[in-house]
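Chemist: this one's structure only:
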């Protein structure tokens, strides 16, 4: 009887394994981001340094550049789309500085992003708040209009949105809206803030059917223990004596039910399903998944034609005027956690086509409809100046109510959840918590999300032979 001795890994295997794990930072890695193609990775450490790695054809990751980006901990990183030249990395530090780093492709490895900086050593663009430090940011680029949007959320609950219509000019960011998402936390209170743009190129088709413009922006914001979804509408504003259209955000729906600080939020790509999916990570030990619907009426004079969806005519001003519906809370037992169940009898339920279920009298919706006239420049300016504080639902023209429903409440971690994120198709949800595990969930045919896989990092000590 012969026994086979397992062969030890070759030197090439060890080399490849080490290159994938040894990031080279002197301290803990706090932030990580991949580009759109998945072949470039940026890591941010507590020591304030950012390192960029490139994936080569032999499946190894090699260091491209490393530089000191912030004076303290790097909180967040994000790659901008590769269609923007040069390649850009956005970063946010614990000191409150938001910075944009541009790559110089002609520079030698190790000097790609450092060489792109100006002579005085500053990044391509940076900004900070004079009142309270920024704690979260999100960026979105419109491929058709070539406009780039930047959202910055500060510790006092103030959200500022910037716009850049010339990607070649990295320093020209103009503030288009600013408002408060929650009351300012008390001194010494633990804070938690997150902001994320809708990653989809345009709203889902049911939102377009309800009257949301095709170029409208979507934002999901977590402030302390509250989560809110904002949409943008166009208002008239006076600039140098001429009337221009400007984007203004309104509260579309508030998501309730969290019993602790909300540590992270994620907006799922792939809204071709006809509705939006939003996931939250909460300190109470739950990762929650919410479905966002936009109810519409079949009697509003609109159709599914592209002329009505993409280029709304005058009938698009016939918007609904109602308070945005809050979240449908899921019960603890699994039977009441189905997408169609609700513990709130006043909530609306929707069919597969996205419309409201008819009642016994055949009425399609309990949301009243009103005919609005386009707001004038003066009234729009006064309305915007009065909403510098916390933005509330007002039912003005262009505001479309949304409905949030809790689909699943996942407690697989049994510990506080810190991060959630969807894959590029919105089919897989990942979450991490204090237990050190990465859990992946998939949506089942009944609409619920269930655990599909688990990844655990374990430290082992090899015994000497």
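Modeler: That came through, no problem. In this text the structure is predicted, and so the values were computed from the model without any measurement.

Chemist: How much space separates residue 185 from residue 152?
Modeler: Residue 185 is 17 Å from residue 152, where distance means C-beta to C-beta, to the nearest Å. In this view, the C-beta of every residue, glycine as well, is placed from N, C-alpha and C.

Chemist: So for those two, which sits in the more crowded spot?
Modeler: Ranked by neighbour count (other C-beta atoms under 10 Å), residue 185 and residue 152 place residue 152 first, with 24 against 17.

Chemist: ok, the residue nearest the centre of the chain to residue 290 distance?
Modeler: Central residue of the chain (C-alpha atoms, centre = their mean): residue 196, 2.4 Å from the mean position. Distance, residue 196 to residue 290, using C-beta to C-beta: 13 Å.

Chemist: which parts of stretch 92-109 are buried?
Modeler: Within stretch 92-109, the residues scored as buried using 16 or more other C-beta atoms under 10 Å are 92-94, 96-104.

Chemist: Turn these into TSV, including pLDDT and distance to residue 162.
Modeler: Shown next, in TSV, are the buried residues of stretch 92-109 (pLDDT from 0 to 100; distance: C-beta to C-beta, whole Å):
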residue	pLDDT	distance to residue 162
92	96	14
93	95	18
94	94	21
96	93	16
97	94	15
98	96	10
99	93	14
100	92	11
101	91	17
102	88	17
103	87	21
104	83	24
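
Chemist: May I see the residues you listed organised as TSV, with secondary structure and distance to residue 134 added?
Modeler: Listed next are these as TSV, based on DSSP: H, G, I helix; E, B strand; the rest coil; distance: C-beta to C-beta, whole Å:
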residue	secondary structure	distance to residue 134
92	strand	6
93	strand	9
94	coil	10
96	coil	5
97	coil	8
98	strand	6
99	strand	11
100	strand	13
101	strand	16
102	strand	20
103	coil	23
104	coil	26
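
Chemist: so the closest residue to residue 413 other than its chain neighbours bridges to which residues?
Modeler: Closest residue to residue 413 apart from its sequence neighbours, by C-beta to C-beta, 6 or more residues apart in numbering: residue 433 at 3.7 Å. Taking DSSP bridges as the rule, residue 433 bridges to residue 417.

Chemist: remind me which residues of the stretch 51-200 of the chain are low pLDDT?
Modeler: 114-121 (pLDDT under 70).

Chemist: same thing but 50
Modeler: 115-120 (pLDDT under 50).

Chemist: For it, which segments count as strands?
Modeler: Assignment of strands within the stretch 51-200 of the chain using DSSP state E, counting those that start in this stretch yields the ranges 61-68, 74-79, 88-93, 98-102, 125-127, 134-142, 147-154, 158-164, 174-180, 193-197.

Chemist: So which of those strands is nearest residue 249?
Modeler: When the strands of the stretch 51-200 of the chain are compared by C-beta to C-beta, strand 174-180 sits nearest residue 249, at 5.4 Å.

Chemist: Can you tell me which of the strands of the stretch 51-200 of the chain is nearest to residue 265?
Modeler: Here strand 193-197 is closest among the strands of the stretch 51-200 of the chain (C-beta to C-beta), at 5.0 Å.

Chemist: That closest one: what's the following helix or strand?
Modeler: Note on strand 193-197: by DSSP states H and E, the next helix or strand toward the C-terminus is helix 205-210.

Chemist: Quick check: the closest residue to residue 237 other than its chain neighbours vs residue 219, distance?
Modeler: Leaving aside its sequence neighbours, residue 237 sits nearest to residue 246 (C-beta to C-beta, 6+ apart; 4.5 Å). According to C-beta to C-beta, residue 246 and residue 219 sit 16 Å apart.

Chemist: Residue 177 too?
Modeler: For residue 177, the distance to residue 219 equals 10 Å [C-beta to C-beta].

Chemist: Perfect, that will be all.
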